[in-house]
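In: Please work out how this folds:
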Amino acid sequence: MMTRRQLAMVIALFLCTLLLWEAVCRLGAVPNYVLPSPSEVFAALVRGLASGMYLRHGAVTLLETLLGFVIGTGLGLLLGTLIATYRYVDMLMYPYIIMFQSMPKVALAPIFALWLGLGMQSKVFSAAIICFFPLMVNTIAGLRSADEDRVSLMLSLGASPWQVFRHLRLPGALPFVIAGLELAVVLSLIGVIVAEFVGAEAGLGTLIQTMSFNMDVAGQFSVLLLLSVIGLVLNRLIKMLRRRVLFWDPSEKARRATPSV
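Out: Predicted coordinates:
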């Protein structure tokens, strides 16, 4: 948990950065068609929100991000569990997954648009693909991190493989899984924006493309600001989930014990 002093330092640094940015733009050191001032960006943000345009396109991007995140992480968790548990699944599937993951997702986005069209499906699929691999790898690493001596002890006491998984492997893997979720939720947003750049009917990525054609640099920066806020909110939601699920974890206990000043 961030202390009051740390929060004040973060806010002060942010305000100083904005003031310096505004001063540089006001003095004419940088043309506004290259770098608009914070006041211009804020004005563009207010106009976009007041007209409802940002809310409409932002809702589409957010929905695509959440759907892709749920599908991608669900598949990553499932396949990661199978690979970590069954040796033959690891032998058969993992090399092909690595090969597919090595392909650049930007190059795959036009193919997804060709297969699934310019609607929501291609954006959701792109987000799911890009956030699938981090969670799968973290799930495998977490499930395989269990102490083998403890596993042997539970088996010698008559525990079934399911009981070993439920009471030993899964709790030990949860910190890895939550860390994978923190990474995957941001990657899913990036995957949606990349897919919207390729072609879409609505979304913040499409809005950035349109503003680029119209040379509306302040508008582009305002959309980027909105995207950063969405990413921050999604990350905070995962951190809230972490505090609720990993209340027993030593690192989480230490974080809770940090006094606020």
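In: how many other residues sit next to I140?
Out: Counted with other C-beta atoms under 10 Å, the neighbours of I140 add up to 22. In this view, the C-beta of every residue, glycine as well, is placed from N, C-alpha and C.
In: and it, what element?
Out: helix 120-143 (DSSP states H and E).
In: got the contact list for the residue nearest in space to the middle of the chain?
Out: Centroid check for the chain by C-alpha atoms, centre = their mean gives V186 as the closest residue, at 1.5 Å. Shown in contact with V186 (C-beta atoms under 8 Å, 6 or more residues apart in numbering): 231, 234-235.
In: Neighbour-wise, which one of those residues leads?
Out: L234 (20 neighbours).
In: Does it belong to a helix, a strand or coil?
Out: helix (DSSP: H, G, I helix; E, B strand; the rest coil).
In: Do I have it right that it meets A184?
Out: No. Taking contacts as C-beta atoms under 8 Å, L234 lies outside contact range of A184: 10.0 Å.
In: which parts of stretch 57-70 are buried?
Out: Of all the residues in stretch 57-70, those buried under the rule 16 or more other C-beta atoms under 10 Å are 57-58, 60-62, 64-69.
In: how much space is there between L168 and G76?
Out: For L168, the distance to G76 (C-beta to C-beta, to the nearest Å) stands at 21 Å.
In: Compare the two and say which is more crowded by neighbours.
Out: G76 (26 against 18).
In: residue contacts, the more buried one?
Out: Counting by C-beta under 8 Å, 6+ apart, the residues that G76 touches are 131-136, 139, 180, 184.
In: Now do the helices in this structure.
Out: 4-26, 38-51, 53-85, 87-102, 105-116, 120-143, 148-156, 161-164, 170-198, 204-213, 217-245, 250-257 (DSSP state H).
In: Go through those and pick out the most buried.
Out: Burial of the helices of the chain is given as mean neighbour count (mean count of other C-beta atoms under 10 Å); helix 120-143 ranks first at a mean of 24.
In: Wait, F132 touches G74, no?
Out: No. Under the criterion of C-beta under 8 Å, F132 is not in contact with G74, lying 9.1 Å apart.
In: Need the max-distance pair from the contacts of G76.
Out: Spatial extent of the contacts of G76 (C-beta to C-beta) is set by the pair C131 and T139 at 12.6 Å.
In: rewinding a little: with pLDDT and distance to T210 as new columns, can the buried residues of stretch 57-70 be given to me in JSON lines?
Out: Output for these, formatted as JSON lines (pLDDT from 0 to 100; distance: C-beta to C-beta, whole Å):
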{"residue": "H57", "pLDDT": "93", "distance to T210": "10"}
{"residue": "G58", "pLDDT": "93", "distance to T210": "14"}
{"residue": "V60", "pLDDT": "94", "distance to T210": "14"}
{"residue": "T61", "pLDDT": "94", "distance to T210": "14"}
{"residue": "L62", "pLDDT": "95", "distance to T210": "19"}
{"residue": "E64", "pLDDT": "94", "distance to T210": "18"}
{"residue": "T65", "pLDDT": "95", "distance to T210": "20"}
{"residue": "L66", "pLDDT": "95", "distance to T210": "24"}
{"residue": "L67", "pLDDT": "96", "distance to T210": "23"}
{"residue": "G68", "pLDDT": "94", "distance to T210": "22"}
{"residue": "F69", "pLDDT": "95", "distance to T210": "25"}
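In: can I get the residues you listed in JSON lines with distance to L153?
Out: Converted to JSON lines, the buried residues of stretch 57-70 look like this (distance: C-beta to C-beta, whole Å):
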{"residue": "H57", "distance to L153": "56"}
{"residue": "G58", "distance to L153": "52"}
{"residue": "V60", "distance to L153": "52"}
{"residue": "T61", "distance to L153": "49"}
{"residue": "L62", "distance to L153": "47"}
{"residue": "E64", "distance to L153": "47"}
{"residue": "T65", "distance to L153": "43"}
{"residue": "L66", "distance to L153": "41"}
{"residue": "L67", "distance to L153": "42"}
{"residue": "G68", "distance to L153": "41"}
{"residue": "F69", "distance to L153": "37"}
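In: All good on my end, thank you.
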